[in-house]
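K.L.:
just the structure for this:
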Amino acid sequence: MNKYQLLKLSILAIASSLLLMSCTQEVPFVPEYISPEENMVLVEGGTFEMGDWLIPYFLDMEVCEGENMKDITQYNDWKLDFTFDARAIHEVTVNSFYISQHEVTLDEYDRYCHEMVGHLVHDGFEGDADYPPYSWGRGQRPAIFVTWMDAVAYCNWLSVKEGLQECYTVVGFVVECDFDRNGYRLPTEAEWEYAARGGQYMIQINDGHGYLYSGCADYFIAAQDSVYNEELGGYYHTDYYTSLAEAEELNLFEPLKDYAWFHLNSGWIDKDAPKNDNGETHPVGTKLPNELGIYDMTGNVWEWCWDFYSPEYYQYCQAHPDECDNPKGPLVPDDKGGTTCHVLRGGTWFNYPVFERTTFRFFSKKHVYLNYVNPSYQYCNYRIGFRIVRNAEDVE
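P.N.:
Predicted coordinates:
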């Protein structure tokens with residue numbers, strides 16, 4: 001072999017080596033597609049008494065700071081029944097459905113973002129004027145920074161990926177849902193509460209009421225949640241005044257710690273502590289499930305429901321029992337007292353226990369604040385995620 005052949009072989013060897021190196025370099029992150037099929041739990045349909053059955057839960061101080069507290073629907077009065085919109089109790093029937101065993105995770109949501117959005121959502125505190133952004137990690141933590149419209153778009157995308165019919169028709173910021181289609185969608189508020197409180201097993205839990213906190217019906221918790229005031233005939237708010245150290249010393253809400261991530265076990269310190277060192281979301285399914293095998297319906301992140309929020313809707317349903325078969329909330333804002341907001345359920349990792357009740361109703365924004373046709377009404381933050389459902393008769 002002459003020197004020219006040796007040189008040629010050397011060049012080829014170097015070129016091959018460089019090509020091999022280029023093939024083994026890291027490529028941009030492409031999330032894996034994860035089918036939801038194995039993580040869906042059957043909830044057999046039934047009839048239940050929807051709403052908060054406990055004595056009214058009063059606020060005794062002005063804890064309502066800005067746009068995210070419920071006094072915005074009730075004239076900013078002190079001594080407000082904080083659970084007023086979870087009354088009156090009314091009989092509701094829901095059909096059988098499948099619901100995701102846990103909140104949609106970042107592992108699952110990242111693929112949708114990669115394909116349809118072009119960037120991934122943030123995975124922690126987003127930062128503000130006082131504190132920098134802070135990442136909590138991705139993986140099996142629930143997806144956050146998800147608007148209601150994002151959740152709708154994800155459901156349609158997932159339906160197409162699974163070869164199913166899209167439930168939602170979206171025209172601008174107006175969304176219609178065909179509940180007869182076989183694809184994925186958000187739960188109605190009635191479906192969410194029925195599943196959270198124990199579904200078909202509700203009748204044998206907590207004197208037939210089901211779970212006050214999903215999976216946990218301990219009477220001690222209900223007693224410690226507030227202090228009864230004879231003069232007002234209702235419960236007064238106490239846990240806003242209980243520091244983490246005091247709560248631990250008093251052993252408050254000890255049973256709930258096994259079922260939920262909330263202010264006493266999520267790393268929360270107090271409302272004035274730096275948000276990047278003040279608790280965080282946690283991987284789904286790391287606490288105990290409820291009777292149906294569903295995780296985190298109490299705590300971790302708020303979860304979107306289909307319904308427009310109406311503080312008067314339960315009174316309407318009580319007066320119109322013929323409309324309580326698979327109720328879907330107000331059809332549009334202004335219908336049945338409906339607002340431009342959508343319902344949020346389940347509480348979050350830094351909330352006090354009253355927010356965590358399976359009966360507690362929350363919503364996406366101050367309902368007098370923004371216009372329905374304005375895209376700025378879309379609302380999300382580091383405390384909001386979602387889970388998905390499908391009609392049971394459509395699943396083989």
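K.L.:
so which strand or helix has the spatially most central residue of the chain?
P.N.:
Note on the chain: the residue nearest the mean C-alpha position is E303, at 1.5 Å, using Cα atoms, centre = their mean. Applying DSSP states H and E as the criterion places E303 in strand 302-308.
K.L.:
that strand pairs with which strands?
P.N.:
strand 342-345 (antiparallel), strand 384-385 (parallel) (DSSP bridges).
K.L.:
check which residues of whatever helix or strand comes next after it are buried.
P.N.:
Heading C-terminal from strand 302-308, the first helix or strand you meet, by DSSP H and E, is helix 313-319. Using 16 or more other Cβ atoms under 10 Å as the test for burial, helix 313-319 gives Y313, Y314, Q315, Y316, C317, Q318. All C-beta spots, glycine's among them, are computed from the backbone N, C-alpha and C.
K.L.:
and for the residue nearest to the centre of the chain, nearest residue in space, chain neighbours not counted?
P.N.:
Of all residues beyond its chain neighbours, the one nearest E303 is G346 (4.8 Å), with distances taken as Cβ to Cβ, 6 or more residues apart in numbering.
K.L.:
need the helices for this protein, in chain order.
P.N.:
Using DSSP state H, the helices of the chain run over 3-24, 106-112, 148-161, 189-196, 219-224, 244-250, 313-319, 353-356.
K.L.:
mind listing what G299 touches?
P.N.:
Residues in contact with G299 (Cβ atoms under 8 Å, 6 or more residues apart in numbering) are Y259, A260, W261, F262, S266, K287, G346, G347, T348, W349, N351, E356.
K.L.:
can you list those in a markdown table and add pLDDT, distance to E49 and neighbour count?
P.N.:
Listed next are these as a markdown table, based on pLDDT from 0 to 100; distance: Cβ to Cβ, whole Å; neighbours: other Cβ atoms under 10 Å:
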| residue | pLDDT | distance to E49 | neighbour count |
| --- | --- | --- | --- |
| Y259 | 97 | 22 | 24 |
| A260 | 97 | 23 | 30 |
| W261 | 97 | 28 | 31 |
| F262 | 93 | 25 | 25 |
| S266 | 94 | 31 | 20 |
| K287 | 98 | 26 | 22 |
| G346 | 97 | 19 | 31 |
| G347 | 95 | 21 | 31 |
| T348 | 95 | 26 | 29 |
| W349 | 95 | 29 | 25 |
| N351 | 86 | 24 | 23 |
| E356 | 92 | 20 | 28 |
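K.L.:
V389 contacts L186, correct?
P.N.:
Yes. V389 lies in contact with L186 (Cβ atoms under 8 Å); the separation is 7.1 Å.
K.L.:
give me phi/psi at Y352?
P.N.:
Y352 adopts backbone torsions of phi -80, psi 160, taken as degrees, to the nearest 10.
K.L.:
D207: how many residues sit nearby?
P.N.:
Residues lying near D207 (other Cβ atoms under 10 Å) number 10.
K.L.:
how close does it get to I89?
P.N.:
14 Å (Cβ to Cβ, to the nearest Å).
K.L.:
pLDDT weak spots in the stretch 1-150 of the chain?
P.N.:
For the stretch 1-150 of the chain, residues meeting the criterion pLDDT under 70 lie at 1-29, 59-80.
K.L.:
repeat for the stretch 251-396 of the chain
P.N.:
Residue ranges of the stretch 251-396 of the chain with pLDDT under 70: 365-377, 394-396.
K.L.:
wait, W306 touches R185, no?
P.N.:
Yes. Using Cβ under 8 Å, W306 is in contact with R185, at 6.9 Å.
K.L.:
please enumerate the shared neighbours of those two.
P.N.:
Counting by Cβ under 8 Å, 6+ apart, the contacts common to W306 and R185 are C177.
K.L.:
I384: which of the buried residues of helix 313-319 is nearest?
P.N.:
Y313 (20.8 Å; Cβ to Cβ).
K.L.:
list the contacts for E115?
P.N.:
Contact partners of E115, counting by Cβ under 8 Å, 6+ apart, are W157.
K.L.:
F97: neighbour count?
P.N.:
F97: 26 surrounding residues under other Cβ under 10 Å.
K.L.:
how near is it to G198?
P.N.:
For F97, the distance to G198 - Cβ to Cβ - is 15 Å.
K.L.:
T358 now?
P.N.:
9 Å.
K.L.:
same thing with E162?
P.N.:
According to Cβ to Cβ, E162 and G198 sit 28 Å apart.
K.L.:
between those two, which one's more packed in?
P.N.:
When E162 and G198 are compared for neighbours, G198 comes out ahead with 26 against 14, by other Cβ under 10 Å.
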